[in-house]
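[1] Quick one: sequence plus predicted model below, questions after.
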Amino acid sequence: MLYINNSSSAYSEQRVSLGGNVYTLVFKFNVRNSGWYLSILDSSGTTPYLQGLQIKPNQNLTGRYTDSGLVGDIWCLRVKAEDSPLSLDNLGKDKVYRLVWVTDKESSVYDAVFFGGT
């Protein structure tokens, strides 16, 4: 498991290495629906793999896109014992919610924990 540290601003871009590949992650907060969105692009930030994924608590953001070219999965996990909804101010390092990259095997474990999958 690898924690993805996003900026606390409503828009940010960052390059990260996940599973041996470099990607550009774009984070956007939509004030209208109070939701975070993630887009995953190639290392140069020009070619999209996945765009506009809504970030939801305890959800696999990328698992349903098997042909995306992404190795492993990105999850949003509640890491603190607070019951607050996901917001602009509580996603990231030392906050209620964190994004994590996991291998396919680790993703299966989270799926079983949250949804009773195998």
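    That came in fine, so what should we check first?
[2] after the longest strand seen in the chain, next one along is what?
    Longest among the strand segments of the chain by residue count, using DSSP state E, is strand 21-30. Counting by DSSP states H and E, the next helix or strand C-terminal to strand 21-30 is strand 35-41.
[3] Any idea how far the helix or strand just after that following strand is from the middle of the chain?
    Next helix or strand after strand 35-41 toward the C-terminus (DSSP H and E): strand 48-54. Strand 48-54 sits 10 Å away from the centroid of its parent chain (C-alpha atoms, centre = their mean, to the nearest Å).
[4] Following the chain onward from strand 48-54, which element is next?
    strand 59-60.
[5] ok so, going back, okay, now the sheet partners of the longest strand of the chain, with direction.
    Applying DSSP bridges, strand 21-30 is found paired with strand 11-18 (antiparallel), strand 35-41 (antiparallel).
[6] Any buried residues in the shortest one, and which?
    Spelled out, that is strand 35-41. Judged by neighbour count using 16 or more other C-beta atoms under 10 Å, the buried positions of strand 35-41 are 35, 36, 37, 38, 39, 40, 41. (Glycine included, C-beta is placed from N, CA and C.)
[7] Closest one to residue 93 out of the residues you listed, please.
    residue 36 (14.7 Å; C-beta to C-beta).
[8] Now do the contacts for the spatially closest residue to that closest one that is not a sequence neighbour.
    Distances taken as C-beta to C-beta, 6 or more residues apart in numbering place residue 55 nearest to residue 36, at 4.0 Å, with adjacent residues excluded. The contact partners of residue 55, by C-beta atoms under 8 Å, 6 or more residues apart in numbering, come to 35, 36, 37, 38, 61, 76, 86, 91, 97, 99.
[9] And what about residue 111, helix, strand or coil?
    Here residue 111 is helix, with the state taken from DSSP: H, G, I helix; E, B strand; the rest coil.
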